[in-house]
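**Q** Test case, fold it:
(one chain, ligands or ions: 2)
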Amino acid sequence: MTYPSRLDPVWALLPVKTFTAAKSRLSGCLSPDQRIALQQAMLADVLTAANRARSLDGVAVVTRDPVAAGFVRRFGAHVVAEAHVGAEEAGGCDLNRALADGVRGLRAMGAARALVVPADIPFLDPAEIDAAVALARGARAPVAVPSRDRGGTNGLVVRLDRPFGFTFGADSFRRHLANPAQGPVMPAALPSFALDVDLPADLAALRRRLPAGIRGGVIPGLPPCPAAHTALWLAEARPCVREHQT
Ligand SMILES: Nc1nc2c(ncn2[C@@H]2O[C@H](COP(=O)(O)OP(=O)(O)OP(=O)(O)O)[C@@H](O)[C@H]2O)c(=O)[nH]1
Ligand SMILES: O=C(O)[C@H](O)COP(=O)(O)O
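**A** Ligands and ions are numbered 1, 2, ... in the order given. A predicted model of the protein is given here:
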């Protein structure tokens, strides 16, 4: 069962870390500029998918980075300021507190639910966003989507009228499934959410999933290929990535 969205508005909520600090686990194989460019490309792919999803009423990004804020506004996203400044300088990136800030911002904009998605899942498919939202509405339950190793949480649909209590971090999928705050949490394995690019092995998986023919990216007049922006980035960064994997 689905409801008219005006009765149950659902917004995407993307946490976005300061660009210059992003993807630090790839610093062994990518330069600082390449890491920023990769984060921007993946974020562009996630925002493009969210903008194309029929089930979403809006897209918001919670960030403390003015550069990231300017970047996402060009995709029509609303920016919620991350209030807990200081965490990144202190060496801890408090994703869960940033999301609490994001939820407050979404509530103020009238959203009833949020689909929390990270900025590093470039294959995200609008149809699978719609499937996750439909599942949450139909089951009247939160929905959690795992990363490909089933350790992380790459999608989470929650209600905003009561606290959920995000527990992102190591082994978060298991902890989110056990979260009782909004009743039983439904697991949903959705392939386009599965690959988050954190480690050199994820870059290799990215390269395997992007057929050679679409590495050139977007063809004007045609729908974008999956991960189009990231495909363009990979086409440029590929020699470096390969060099560090041999
Ligand atoms: N607003 C905000 N977003 C965050 C914070 N920490 C992580 N994120 C975002 O949460 C998502 C998942 O983060 P990670 O997979 O750890 O990505 P990352 O922090 O760029 O990668 P590493 O630096 O290698 O840990 C990404 O969209 C990040 O931009 C934070 O402190 N604040
Ligand atoms: O809980 C999670 O999914 C993490 O915060 C992000 O996981 P990752 O480090 O595998 O991206």
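**Q** From now on I want contacts and neighbour counts done on CA atoms only, so please keep to that.
**A** OK.
**Q** does A205 sit in a helix, a strand or a coil?
**A** Here A205 is recorded as helix under DSSP: H, G, I helix; E, B strand; the rest coil.
**Q** Would you mind measuring from it to ligand 1?
**A** According to Cα to the nearest ligand atom, to the nearest Å, A205 and ligand 1 sit 16 Å apart.
**Q** per-residue confidence for that residue?
**A** Predicted confidence (pLDDT) for A205: 93.
**Q** how many neighbours does it have?
**A** Burial of A205, expressed as a neighbour count using other Cα atoms under 10 Å, amounts to 14.
**Q** and what of V10?
**A** For V10, the count of nearby residues is 25 (other Cα under 10 Å).
**Q** Could you do D8 as well?
**A** Neighbours of D8 (other Cα under 10 Å): 16.
**Q** Buried residues, stretch 122-140. List them.
**A** 122-137, 140 (16 or more other Cα atoms under 10 Å).
**Q** now could you export just the CA positions of that stretch as CSV?
**A** Only the C-alpha atoms of stretch 122-140 are listed here, as CSV (Å, rounded to 0.1, in the frame of the first residue of the first chain):
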residue,chain,number,x,y,z
PRO,A,122,27.7,5.6,-7.2
PHE,A,123,25.5,2.8,-8.7
LEU,A,124,22.4,3.9,-6.7
ASP,A,125,19.4,3.2,-8.9
PRO,A,126,16.3,5.4,-8.6
ALA,A,127,14.0,2.4,-9.0
GLU,A,128,15.6,0.8,-6.0
ILE,A,129,15.2,4.0,-4.0
ASP,A,130,11.5,3.7,-4.8
ALA,A,131,11.5,0.0,-3.8
ALA,A,132,13.0,0.8,-0.4
VAL,A,133,10.5,3.6,0.2
ALA,A,134,7.6,1.3,-0.9
LEU,A,135,8.8,-1.4,1.4
ALA,A,136,8.9,0.9,4.4
ARG,A,137,5.5,2.3,3.7
GLY,A,138,4.0,-1.2,3.0
ALA,A,139,5.5,-2.8,6.1
ARG,A,140,5.0,0.4,8.2
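**Q** what sits up against that stretch?
**A** 1-3, 10, 42-43, 45-46, 49-50, 52-56, 115, 142-143, 157-158, 186, 188, 190, 192-193, 195-196, 226-227, 230 (Cα atoms under 8 Å, 6 or more residues apart in numbering).
**Q** Sounds good, over and out.
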